[in-house]
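In: What follows is a predicted protein model with its sequence.
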Amino acid sequence: MRHRFYKKVLSICLAVMMAVAAFLPSVPTYGASDDAIPDEGVVEVSDTSKVLTRGNFLDYGSVLMSKKSSTRVLITGITAAHVECDKLGVGLYLEKSSDGVNYGSYRQWYFWGENSILHTETLEVIVPSGYWYRLGGSHVALEGSDGESTTTMTKGIYVG
């Protein structure tokens, strides 16, 4: 009985953590060494967060975003585990910017898979043209009452 309680509490805590991450202030994608606005010709960006110290469950999280047209982007989120887990989650956070530096939350999605070693979600999203977009991800692996997580964030691409 206590096992179910801890599993439920951990699931709720991780869901809250993913929701809070979506509303944290955005950090500019480009550092002090690259203050120029990024190239508008880029059509695909990605980021992968490999867990450097081998975790018990989570192997890596990855996000990919590609420009399909002047009003559409294709976004993908992947969460991979070392072993089959009770639940694998991926949260996708699409952010929008008018200048390619300062981003704000635009849209977000949350997906869960059960009894799996890999969970992948792909969406084609209609977006307003004339803006920069970047994609963030939260990747979670739950096994029993234990869990691990990591985050990812791409650079921006111009959709116009």
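Out: Ah, there it is.

In: Look up phi and psi at Thr154.
Out: Backbone geometry at Thr154, expressed as degrees, to the nearest 10, gives phi -80, psi 170.

In: which ones are touching it?
Out: The neighbours of Thr154, taking CB atoms under 8 Å, 6 or more residues apart in numbering as the test, are 29, 45-47, 63-65, 134-136. Quick note: C-beta positions are derived from backbone N, CA and C, even for glycine.

In: Any of the residues you listed buried? List them.
Out: 29, 45, 47, 63-65, 134-136 (16 or more other CB atoms under 10 Å).

In: Strands - which of the contacts of Thr154 land there?
Out: Among the contacts of Thr154, the subset assigned to strands under DSSP state E consists of 45-47, 63-65, 134-136.

In: Let me have those residues in TSV, extended by distance to Lys155 and pLDDT.
Out: Below are the ones in strands among the contacts of Thr154 laid out as TSV (distance: CB to CB, whole Å; pLDDT from 0 to 100):
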residue	distance to Lys155	pLDDT
Val45	5	85
Ser46	9	83
Asp47	8	79
Val63	11	96
Leu64	12	96
Met65	9	96
Arg134	6	96
Leu135	10	97
Gly136	11	96
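
In: what about Leu94, helix or strand, and which?
Out: Following DSSP states H and E, one finds Leu94 within strand 72-97.

In: Ignore what I typed, I meant Ile117.
Out: strand 104-126.

In: again, but for Ser129
Out: Short version: Ser129 belongs to no helix or strand, going by DSSP H and E.

In: which residues touch it?
Out: 70-71, 159-160.

In: quick one: it from Leu142, how far?
Out: 39 Å (CB to CB, to the nearest Å).

In: where are the low-confidence patches of this protein?
Out: 1-40, 51-55 (pLDDT under 70).

In: Would you point out which residue is most central in it?
Out: Of all residues in the chain, the one closest to the mean position by CA atoms, centre = their mean is Gly137, 0.8 Å from it.

In: Report the beta-bridge partners for it.
Out: Beta-bridge partners of Gly137, counted by DSSP bridges, are Leu92, Thr152.

In: so it touches Ile75, yeah?
Out: No. The criterion here is CB atoms under 8 Å, and Gly137 misses it with Ile75 at 9.2 Å.

In: hey, what's in contact with both of those two?
Out: Common contacts of Gly137 and Ile75 (CB under 8 Å, 6+ apart): 63, 92.

In: Quick check: of the contacts of Ser129, which has the highest neighbour count?
Out: In terms of neighbours by other CB atoms under 10 Å, those top out with Val159 at 22 neighbours.
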